[in-house]
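Asks: below are the sequence and a predicted model; questions follow.
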Amino acid sequence: MPISITGKHIEVGDSLKDFINQELRQLVSHYMGDILEAHVTVSKEHATKERFVFKTDISVHITRNFVVHCHGHDEDAYRSVTIALQKLESRIKKYKTRLRDRKRHRDMDHEEIPVQQYVLQAAEEDTGEDTPLIIAEMASQIHHLSVGEAVMRMDLSEAPVVMFRNAANGELNVVYKRHDGHIGWIDPTKKV
């Protein structure tokens with residue numbers, strides 16, 4: 001399993017790299033066995049004018065189309081890595097059985113919907129400074145999933161929204177995180 005470790009606004013030393021490699025390999029081998037790859041980014045950010053906070057982002061590619069993402073923040077770089085690894089471990093534990101089933105069935109049905117990178121300009125009547133730009137970021141793969149699998153994928157990837165083709169009826173559906181902490185589900189085939 002190749003592990004890519006990079007720093008953003010920080011030089012990641014050999015000691016921290018060895019710590020990340022050892023802890024991540026141990027965690028992944030214990031719960032998942034073999035995976036494709038992992039990416040770890042450690043960055044240094046301003047918390048206040050006098051203080052810095054380290055942020056660790058970990059992305060583990062379990063299969064070609066499935067990524068588990070987590071992050072941790074702390075004033076100590078090692079502690080931020082540990083927090084991120086604890087989140088990764090709790091997510092893997094929560095969905096352990098489903099993730100193993102997914103690894104065995106690598107040939108998941110999905111279709112890729114191309115999305116061009118572009119910026120949509122605000123309409124002429126909506127040109128205030130607080131008007132955000134609308135940016136299309138990348139191509140997305142739309143998987144055939146059950147609603148539970150879509151919620152699992154959203155939770156593991158820390159995505160706010162997941163669009164999927166419902167395995168029950170073949171229609172496009174969306175699950176999303178609501179402001180109250182619950183999960184919303186949009187199924188356009190349901191009649192009100």
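Replies: Sure thing, it's come through.
Asks: least confident secondary structure element in the protein?
Replies: For the chain, counting by mean pLDDT, DSSP states H and E, strand 118-120 ranks last in confidence among helices and strands (a mean of 49).
Asks: ok, the residue most central in space within the chain to residue 54 distance?
Replies: Here the mean C-alpha position of the chain is nearest to the C-alpha of residue 157 (CA atoms, centre = their mean), at a distance of 2.5 Å. Counting by CB to CB, to the nearest Å, the gap from residue 157 to residue 54 is 22 Å. Every residue, glycine included, has its C-beta placed from N, CA and C.
Asks: how about the helices in this structure?
Replies: 14-31, 77-94, 96-104, 147-157 (DSSP state H).
Asks: and the first one, what's buried?
Replies: Okay, so that is helix 14-31. Taking 16 or more other CB atoms under 10 Å as the basis for neighbour counts, the residues of helix 14-31 that come out buried are 16, 19-20, 23-24, 27-28.
Asks: which other helices and strands does that helix contact?
Replies: Here helix 14-31 is seen to pack against strand 3-8, strand 37-46, strand 52-63, helix 77-94 when contacts are counted using 3 or more CB pairs under 8 Å, 6 or more residues apart in numbering; DSSP states H and E.
Asks: over to the last one?
Replies: For helix 147-157, the helices and strands in contact under the criterion 3+ CB pairs under 8 Å, 6+ apart are strand 66-74, helix 77-94, strand 140-145, strand 161-166, strand 172-177, strand 183-186.
Asks: I'd like to know which of the ones you listed is closest to residue 153.
Replies: Set against residue 153 and scored by CB to CB, those come closest in strand 161-166, at 5.5 Å.
Asks: what mean pLDDT does the closest one have?
Replies: Summarised as a single mean, pLDDT over strand 161-166 is 89.
Asks: partner strands of that strand, with direction?
Replies: For strand 161-166, the pairing partners within the sheet under DSSP bridges are strand 140-145 (parallel), strand 172-177 (antiparallel).
Asks: relative to helix 147-157, how tilted is it?
Replies: Angle of strand 161-166 versus helix 147-157, following axes from the mean of the first three to the mean of the last three CA atoms, to 10 degrees, is 150 degrees.
Asks: bridging residues for the closest residue to residue 173 other than its chain neighbours?
Replies: Closest residue in space to residue 173, ignoring its immediate chain neighbours: residue 166 at 4.6 Å, by CB to CB, 6 or more residues apart in numbering. Each beta-bridge partner of residue 166 is listed here: residue 145, as defined by DSSP bridges.
Asks: nothing else from me, thank you.
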